[in-house]
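Student: I'd like to go over a predicted model; first the sequence, then the structure.
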Amino acid sequence: MLLNVVHININVADLDRSVAFYEALGFSVMQVFEEDKSAEEMASMDFGGTRMRGAVMSIGDDPRASTKIELLQWFEPRSEPMPHPTETSGGVARIALRTKNLLGFAEELRAKGIVFEREPQEIDMAGASRFCTFRDPDGVLLELLEF
């Protein structure tokens, strides 16, 4: 029996840049994985001998039920951005995040330099709702939704 999604893993080219980006969206760092951990510490996380560093970030503070992402920067082989070619291509096309006051939040994000692919617009999803889309520094498509 499944209970919930624990986290979504996003491979990134520059961990520090991505952490700053997701902090601007409202995520907080819960845990950091550094590549300089001892061999014993890294042995418990076998990734086939590759080197990496990462951060688990969260919206909310409940470690079992909050929305979490895990950002990983790989060094061998190096993480390279591979944005999803189109919204209709196979695989994970976007990550949708719920917000209140989407129009106000979108203005805050614009002030922080975020450029929208789809400007905020109204849709009918069992009542009036709004959505917009933009990309993270590695090209991952993100969607904001207000119900």
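Tutor: Arrived safely, thanks for sending. Values in this document were obtained by computation on a predicted structure and should not be read as measured data.
Student: what's the following helix or strand after the helix or strand of the chain with the lowest mean pLDDT?
Tutor: Scoring the helices and strands of the chain by mean pLDDT, DSSP states H and E places helix 39-43 at the bottom, with a mean of 48. Of the helices and strands lying after helix 39-43 in sequence (DSSP states H and E), the nearest is strand 52-59.
Student: Please name the bridge partners of Arg130.
Tutor: Beta-bridge partners of Arg130, counted by DSSP bridges, are Glu122, Glu146.
Student: Now do it against Thr99, distance only.
Tutor: Relative to Thr99, Arg130 is positioned 9 Å away (C-beta to C-beta, to the nearest Å). Any C-beta I mention is one placed from the backbone N, CA and C, and that applies to glycine too.
Student: any residues in contact with both of those two?
Tutor: Here Arg130 and Thr99 have 145-146 as joint contacts, going by C-beta atoms under 8 Å, 6 or more residues apart in numbering.
Student: Now do the end-to-end distance for stretch 7-20.
Tutor: With C-alpha to C-alpha, to the nearest Å as the measure, stretch 7-20 spans 18 Å from end to end.
Student: Give me the contact list for it.
Tutor: Residues from elsewhere that reach stretch 7-20, judged by C-beta under 8 Å, 6+ apart: 29, 53-57, 68-74, 78-81, 95, 136-138, 140.
Student: chain center to it, what's the gap?
Tutor: Centre-to-centre, stretch 7-20 and its host chain are 7 Å apart (C-alpha atoms, centre = their mean, to the nearest Å).
Student: could you give the mean pLDDT of that stretch?
Tutor: Confidence over stretch 7-20 (mean pLDDT, whole number) is 93.
Student: Mind listing what's buried along it?
Tutor: 10-13, 15, 18-19 (16 or more other C-beta atoms under 10 Å).
Student: do stretch 76-85 as well
Tutor: In stretch 76-85, counting by 16+ other C-beta under 10 Å, buried: 79, 84.
Student: quick revisit: mind checking which of the contacts of stretch 7-20 are buried?
Tutor: 53-57, 68-74, 79, 136, 138, 140.
Student: among the buried residues of stretch 7-20, which are in helices?
Tutor: Using DSSP state H, the members of these that fall within helices are 15, 18-19.
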